[in-house]
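Visitor: the amino acid sequence is not available; the structure is as follows:
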């Protein structure tokens, strides 16, 4: 399933030219910019956290600064999202459900397209899937380790796209409902 996901995300990766937002990513993640220029251009053009652009900038330093390189970050995020969906399906049901969920995500045209764009959308989907996976583990076994993982992935959601705070609030609303209404006092302890 992961090989299929990789093939579908790499197929014709550089086929079409950059669209306007990808041109912004190319400019904002340019490794030749000083960190002050890097910060200024992101705050002026995007006004969002720098995590995605730092990652793209790092890849550009290693592999060269090109449209293909900035899209490669999204390809990797898309493949990790497919694996995360397997983990999520497995944790919610069983391995079979995990395989089915991963297979559906691997061939989903919308997510394949986002995996081929030099923007943070696929990374957002990846962190959201991983956060929900960690949420299922946390609700099954409430401990510090699971809480930390859930917190890290939830924080990465908003560091990818600030509007995704809605997703984070939804996750914590689920936790609140879990503790307030679904668990008895004895189970909470």
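Guide: That came through, no problem. Bear in mind the structure is a predicted one, so any value in this text is a computation, not a measurement. Numbers count the residues shown, from 1 in each chain.

Visitor: and the strands in this structure?
Guide: Under the criterion DSSP state E, the chain carries no strands.

Visitor: low-scoring stretches of it, by residue?
Guide: Counting by pLDDT under 70, the chain contains low-confidence ranges at 182-189.

Visitor: what about the longest helix in it?
Guide: helix 67-92 (DSSP state H).

Visitor: so residue 50 versus residue 62, what's the distance?
Guide: Here the criterion is Cβ to Cβ, to the nearest Å. By it, residue 50 lies 18 Å from residue 62. To be clear about C-beta, it is placed using only N, CA and C from the backbone, and glycine gets the same treatment.

Visitor: those two - which one has more neighbours?
Guide: Applying other Cβ atoms under 10 Å to residue 50 and residue 62 shows that residue 50 carries more neighbours, namely 17 against 8.

Visitor: what's the burial count for the nearest residue to that one once chain neighbours are set aside?
Guide: Leaving aside its sequence neighbours, residue 50 sits nearest to residue 42 (Cβ to Cβ, 6 or more residues apart in numbering; 5.7 Å). Residue 42 is flanked by 21 other residues according to other Cβ under 10 Å.

Visitor: just residue 152 next, same as before
Guide: 13.

Visitor: measure it to residue 3 for me?
Guide: Per Cβ to Cβ, residue 152 is found 28 Å from residue 3.

Visitor: repeat for residue 55
Guide: From residue 55 to residue 3 the distance is 24 Å (Cβ to Cβ).

Visitor: who's more crowded, these two?
Guide: residue 55 (18 against 9).

Visitor: contacts only, for the more buried one.
Guide: 73, 123 (Cβ atoms under 8 Å, 6 or more residues apart in numbering).

Visitor: quick check: it vs residue 156, distance?
Guide: Distance, residue 55 to residue 156, using Cβ to Cβ: 11 Å.

Visitor: you'd agree residue 134 is up against residue 150?
Guide: Yes: with contact defined as Cβ atoms under 8 Å, residue 134 reaches residue 150; the gap is 4.3 Å.

Visitor: for residue 14, grab phi and psi.
Guide: Main-chain torsions, residue 14, degrees, to the nearest 10: phi -100, psi 20.

Visitor: neighbours of it, just the number please.
Guide: Residue 14 has 12 neighbouring residues, counting by other Cβ under 10 Å.

Visitor: buried sites along stretch 11-23?
Guide: 18, 22 (16 or more other Cβ atoms under 10 Å).

Visitor: touching that stretch from outside, list them.
Guide: 26, 67, 68, 70, 71, 72, 75, 116, 117, 118, 119.
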